[in-house]
Each structure stands twice: as structure tokens, then as C-alpha cells.
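# Below are the sequence and a predicted model for it; my questions follow.
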Amino acid sequence: MADLVPTDDVPDDQDALLAYIAGLVERGRRIASVQANTALTLTYWLIGRAISVNLLRQQRADYGKQIVATLSRQLTARFGRGFEAASLRRMVQFAEEFPDFETVATVSRQLSWSHLKELLPLRSDEARRFYIEQATLKHLGVRELRQAIARKAWERREIANSQIPEGSAVPRDTFTDPVFLDMLGLHDSYLEKDLEAAILSDMRAFLMEVGPGFTFVASQKRMAVGAREYRLDLLFFSRPLRRLVAVELKLGAFRPAHVGQMEAYLKWLDAHEREPGEEAPVGLILCSEADREEVEFLELHKDGIAVVEYWTTLPPKAELESKLRQIVRDAQERLARRGIVVTSAEALENGDVDD
């Protein structure tokens, strides 16, 4: 409880004293909330582990249902709500999906029990780790975490990673593919400037979708080279990557001609905007459509360029899952032809696009 220690900076002024004490109350409540959540989460994990260990010691097929139902009645009678049979089964699942106590102790200080319940239906340990990291870095509420899972954030990151080999100039785990821009409210026909204006008007939603730790720097960034003047659509800085990220918006399908333009932007940023201690800038070309095989053939990752599709409308759940599965299958075929071993993305094709 390092936030609650005596100090010598107690103010003399009455108004300042009130603000000082109010700060103490707020910090105390925040610490109490975190400690209460940690205790609750660890208690549920221990209950789930105790039931799970007990079940393993029994050989009767019907014992599991019986003991859960019996414990539910007894615990509810003694402690009240919160110990329904479904809740006890969820605690057992929690202990089984998160078998390491130290990991649970750490996560319980970062996320609430309500957050963790959203992670239990996921079929992949990698997906759970991804969403824990996202929820922690982005300070996601339970509703926002639920939306991230429904929008297949992990699956889309794996699709993007499948196009970026290890050691590329574009760091892995940076982008998602496709990027969903349905929150911008763009429908039917629109111009490139409309897309940019929509992003600027809802920058927070765009940054939440693009990646953690991105900070907006400029729109229509002016770049002068000799007698010519260029303008980059959007410029961001990524704190995790410690580098500038140039973003170009394209209404139509990706074309190789777009690459030269982005290369020029990156060279200019590297020469005129890159600060000491920063990594080389990277570029993101956002297109309404991209032939991923063509993108991989061009090996743009070697030049620090990623090409990602954006979708302005989010398809129904079944259609979304079907489309992502097809994208993954295509990616695996391309990787196999290149002799690259498929790792985490393999789970998607094997039925781990989570419901």
C-alpha cells in the first residue's frame, strides 16, 4: 500500500487540505477495491481447484454433477447468492484453464473477476494471454473486452502476423488484419477525405482498433522534397515500438504503385522527424481490398511497410467467422509453400475461432 503512507506535505490552507484528504479517500478506495477483487478472484480459484481435485479422486461418472449440486445448495444456504451450480462449474473451469496460482495472483491484481469470466470460453491459451495483455494495456472495461473478443481481435492479429516473418522491419504483434472501421459510420459511397475526416472525428475508437500505445501526431503531414510537396494522410507515434507510424488511406484495392509513395514518406520521416533513440519509422497502407499473396510476394515487410484491409461494415457473426477462417486457410497455404512452419495461427484453422 505504497500509495497510503504518511508524508510531510500536509497543506496549511483549508481548501488545499480538503483536496488532500479527498485524494487520500480516493486512493484508499482504489486500493481497497483492488485488494477486494484480488481476494475474491483467488477465493474462486481455490474453490474451483478444491472441487477439481476432489473430482479427480472419485471414479464415479455421476459424482461430478452430484457434488456440484450439493455444494451449491449448502453454500447458498450458508453464504447467499453467488454459489449457484453454474457459478461453481465456472470456478472449476477457471482453475483448470489457469492452473498456475502465481499467474492467477498476478492477473487478479490487473483484471476483475468479471473480466476473467469473459476469457473462460476461449479455446486457446494464446488468445487468453492476448486479451489479458490488451485489457491491461488499454484499461478495457468488461464491456470493451467483450467487444474485442466478439470482433476477433486476436484472430486478426494472427492473420497480420502471418504476413510478417520473424526479423522483419515491421515488428510482429503490431497490426490487425483486417481493421474494422464500422464505428466510423461510413456507408455506400464515400471519398478518401471522408474516411480521413471520420477517423479524425473518432480518433479514440480508431486508436483502440489499430493498436495499443498509438498517439496521434498529425493529419495531412506536409513533406517537402526539393520543389515537390507531399502530404501523408495520418502520422502516429507508437510508444511500445518507439517509432513513428505513417498511415496512408486508399479507397480501392492495393496496388504496387502505392509502395513507392510510402517508401518516400518513410525516408523523409527518417531523415527529418526521427528523434535520437527512436527506431526507424514504419508504414501502414490501409486499403479496402488487398491481395495478400501479392503483398507477400512483394516482401514489403523488408522495407518496413505493412498492407492491411479495412472493413467499414462488420458482417454478422457467422459470416465474419467464415471469412476469417478462409483468410487463415489461404495464409497457411502460402506459408506452407514458402516452407514456413505455422505456429499460433494453426489454432484458428483447427476450430479455435472462438464462439
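Arrived safely, thanks for sending.

# so Thr319 is in which element?
In this structure residue 319 is Glu, not Thr. helix 317-337 (DSSP states H and E).

# Report all helices and strands that that helix contacts.
Counting contacts by 3 or more CB pairs under 8 Å, 6 or more residues apart in numbering; DSSP states H and E, helix 317-337 is packed against helix 153-161, helix 292-298. Just so you know, the C-beta spots here come from the backbone N, C-alpha and C atoms, and that holds for glycine as well.

# what angle separates that helix from helix 153-161?
30 degrees (axes from the mean of the first three to the mean of the last three CA atoms, to 10 degrees).

# between the helices and strands packed on helix 317-337, which one is nearest to Ser201?
helix 153-161 (22.6 Å; CB to CB).

# now that closest one: how far from the chain's centre is it?
Relative to its parent chain, helix 153-161 has a centroid offset of 10 Å by CA atoms, centre = their mean, to the nearest Å.

# try stretch 69-81
The answer for stretch 69-81 is 37 Å, by CA atoms, centre = their mean.

# Could you do stretch 160-175 as well?
16 Å.

# Next, the buried residues of that stretch.
Neighbour-count burial for stretch 160-175 flags 160-165, 168-175 (criterion: 16 or more other CB atoms under 10 Å).

# nearest to Thr41, of these?
Asp173 (26.6 Å).

# hmm, back to that, tell me the two of the buried residues of stretch 160-175 that are most distant?
Ser162 and Ala169 (16.7 Å).

# just the strands in the stretch 151-300 of the chain please.
Per DSSP state E, counting those that start in this stretch, the stretch 151-300 of the chain carries strands over the ranges 179-180, 214-225, 228-238, 243-253, 282-289.

# quick check: angle from the fourth one to strand 228-238?
Strand 243-253 runs at 120 degrees relative to strand 228-238, counting by the same axes, to 10 degrees.

# Tell me how far strand 243-253 lies from the chain's centre.
From the chain centre to the centre of strand 243-253 is a distance of 20 Å (CA atoms, centre = their mean).

# Run through who's touching that strand.
190-192, 195-196, 199, 214, 217, 221, 232-238, 258, 261-262, 265-266, 269, 273-274, 278-291 (CB atoms under 8 Å, 6 or more residues apart in numbering).

# go with 7 Å
192, 195-196, 214, 232-238, 258, 261-262, 265-266, 269, 273-274, 278-290 (CB atoms under 7 Å, 6 or more residues apart in numbering).

# Output it in PDB with nothing but the alpha carbons.
Taking C-alpha atoms only, strand 243-253 is exported to PDB below (Å, rounded to 0.1, in the frame of the first residue of the first chain):
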ATOM      1  CA  ARG A 243       8.900   4.800 -33.700                       C
ATOM      2  CA  LEU A 244       6.700   6.900 -36.000                       C
ATOM      3  CA  VAL A 245       3.900   5.100 -37.900                       C
ATOM      4  CA  ALA A 246       2.900   6.600 -41.300                       C
ATOM      5  CA  VAL A 247      -0.600   5.700 -42.400                       C
ATOM      6  CA  GLU A 248      -1.900   6.100 -46.000                       C
ATOM      7  CA  LEU A 249      -5.600   5.600 -46.700                       C
ATOM      8  CA  LYS A 250      -6.700   4.100 -50.100                       C
ATOM      9  CA  LEU A 251     -10.300   3.700 -51.100                       C
ATOM     10  CA  GLY A 252      -9.700   0.900 -53.700                       C
ATOM     11  CA  ALA A 253      -7.700  -2.200 -53.800                       C
END
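
# who's in contact with the nearest residue to Glu84 once chain neighbours are set aside?
Closest residue in space to Glu84, ignoring its immediate chain neighbours: Ser72 at 5.8 Å, by CB to CB, 6 or more residues apart in numbering. Ser72 is in contact with Phe83, Glu84, Ala85, Leu88, counting by CB under 7 Å, 6+ apart.

# Going by neighbour count, which of those comes out on top?
Leu88 (21 neighbours; other CB atoms under 10 Å).

# Quick check, it in contact with Val68.
Yes - look at Leu88 against Val68 with CB atoms under 7 Å: they come within range, at 5.2 Å.

# averaged over its residues, what pLDDT does the longest helix anywhere in the chain have?
The longest helix of the chain (DSSP state H) is helix 14-56. Helix 14-56 carries an average pLDDT of 87.
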